[in-house]
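[1] just a sequence and a predicted model for now, questions to come.
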Amino acid sequence: MYYFLCVLAGVDIIMATSVAPKMLSVFWSGNGTIGFTACFTQMYIVHTATAMESGLLLAMAFDRYVAICKPLHYNTILTPQKILGINAAIVLRAAIALIPLSWMVSSLPYCGSHMIPHSYCEHMAVAKLACADYMPSSLYSLIGSSVVVGIDVTFITASYILILQAVFSLSSQKARHKALSTCGSHVGVMALYYLPGLISVYVDWIGKDMVPMHTQVLLADLYLVIPPTLNPIIYGLRTKRIWDRLRNPLVTSFPGHHFVNPQKDSRSKQVFVMGNRSTEGV
């Protein structure tokens, strides 16, 4: 679990730092210019990180399944070598899947307006500025995200069905509560991640005329900013050893504290401009 949490934290840091500085610059100073190459680099990093996070949520669901349904075989099933292989597969799947999309969008001609009505280089917002047909990249994005998320959510759902069957077959109320509590934070993180992301993708595809632009921008921002912000809080508060490691330095910083020994704890030249379309026709 800690290996997966470590990789998840790294992905969250990459996802947040790829968009937050420029996003804050847009909101605070109005400086939304970004280089042509930097824009497509940001797009690739953002979408790769989101695909990696989806894969990590699947891996963590499998980890919870093994821990609850096959606890005696946990150390033999999830060895460090297998965990390393799972993480490598997640990274490779995301990195390879996004290369065609990035190539299709970056190869389009951009001869008109360069004003992106988003606070970062979101794929569809950039593709719609092209002077050529952007439908192939749009279709690839829709099908690709649906397949990746569909596969991940299907296996996550299957894992939790098996987990719930095992939990409710326990005779001990305390053990049942502990097992459900262990999975509660994971389910919360999945809801925060998948719902805004899926709504954003499908609104861009089929509901763009029904949903106001500012709502589309908000949805696109939410699934990039909220999960990286809340993941450390949710997993930190729900994981006793992480909480203890944070609590001990805080406790020892106050006068008259009682020291808790952690050793005794048993556990290019072109630019795009991001923001609202101005009346000056930039």
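    Now that the structure is in, tell me what you want to look at. Being a predicted model, the structure only gives us computed values, none of them experimental.

[2] confidence score at residue 266?
    Confidence at residue 266, expressed as pLDDT, is 46.

[3] quick one: the helices in the stretch 1-150 of the chain, in order.
    For the stretch 1-150 of the chain, the helices defined by DSSP state H, counting those that start in this stretch occupy 2-28, 36-69, 74-77, 80-106, 123-127, 135-168.

[4] dump the ones you listed to TSV, plus distance to residue 190.
    C-beta here means a position set from N, CA and C on the backbone, and glycine is covered the same way. Formatted as TSV, those follow (distance: least, CB to CB, whole Å):
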stretch	distance to residue 190
helix 2-28	12
helix 36-69	5
helix 74-77	22
helix 80-106	15
helix 123-127	22
helix 135-168	7
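
[5] and these, which is most packed in?
    Of all the helices of the stretch 1-150 of the chain, helix 123-127 has the most neighbours on average by mean count of other CB atoms under 10 Å, namely a mean of 24.

[6] that one packs against which elements?
    Judged by 3 or more CB pairs under 8 Å, 6 or more residues apart in numbering; DSSP states H and E, the packing partners of helix 123-127 are helix 36-69, helix 80-106, helix 135-168.

[7] which one, of these, ends up nearest to residue 220?
    Between residue 220 and the helices and strands packed on helix 123-127, the tightest spacing by CB to CB is seen for helix 36-69, at 9.8 Å.

[8] and the helices and strands packed on helix 123-127 as CSV, adding mean pLDDT and distance to residue 200?
    Output for the helices and strands packed on helix 123-127, formatted as CSV (pLDDT from 0 to 100; distance: least, CB to CB, whole Å):
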stretch, mean pLDDT, distance to residue 200
helix 36-69, 89, 10
helix 80-106, 92, 16
helix 135-168, 87, 10
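
[9] hang on, residue 1 packs against residue 62?
    No - at 11.0 Å, residue 1 does not count as touching residue 62 under the criterion of CB atoms under 8 Å.

[10] on that earlier part again, how about the helices of the stretch 1-150 of the chain, which one is nearest residue 233?
    The nearest among the helices of the stretch 1-150 of the chain, by CB to CB, is helix 2-28 at 11.4 Å.

[11] let me know the angle separating the closest one from helix 80-106.
    Counting by axes from the mean of the first three to the mean of the last three CA atoms, to 10 degrees, helix 2-28 lies at 30 degrees to helix 80-106.

[12] packing partners for helix 2-28?
    Using 3+ CB pairs under 8 Å, 6+ apart: helix 2-28 touches helix 36-69, helix 80-106, helix 213-238.

[13] touching, residue 61 and residue 160? I think so.
    Yes - Residue 61 lies in contact with residue 160 (CB under 8 Å); the separation is 6.6 Å.

[14] find residues that contact each of those two.
    The contact sets of residue 61 and residue 160 do not overlap (CB atoms under 8 Å, 6 or more residues apart in numbering).

[15] thinking again about what came up before, of the helices and strands packed on helix 2-28, which is nearest residue 22?
    Ranking those by proximity to residue 22 (CB to CB) places helix 36-69 first, at 7.4 Å.

[16] now do that closest one against helix 213-238, angle only.
    Angle of helix 36-69 versus helix 213-238, following the same axes, to 10 degrees, is 40 degrees.
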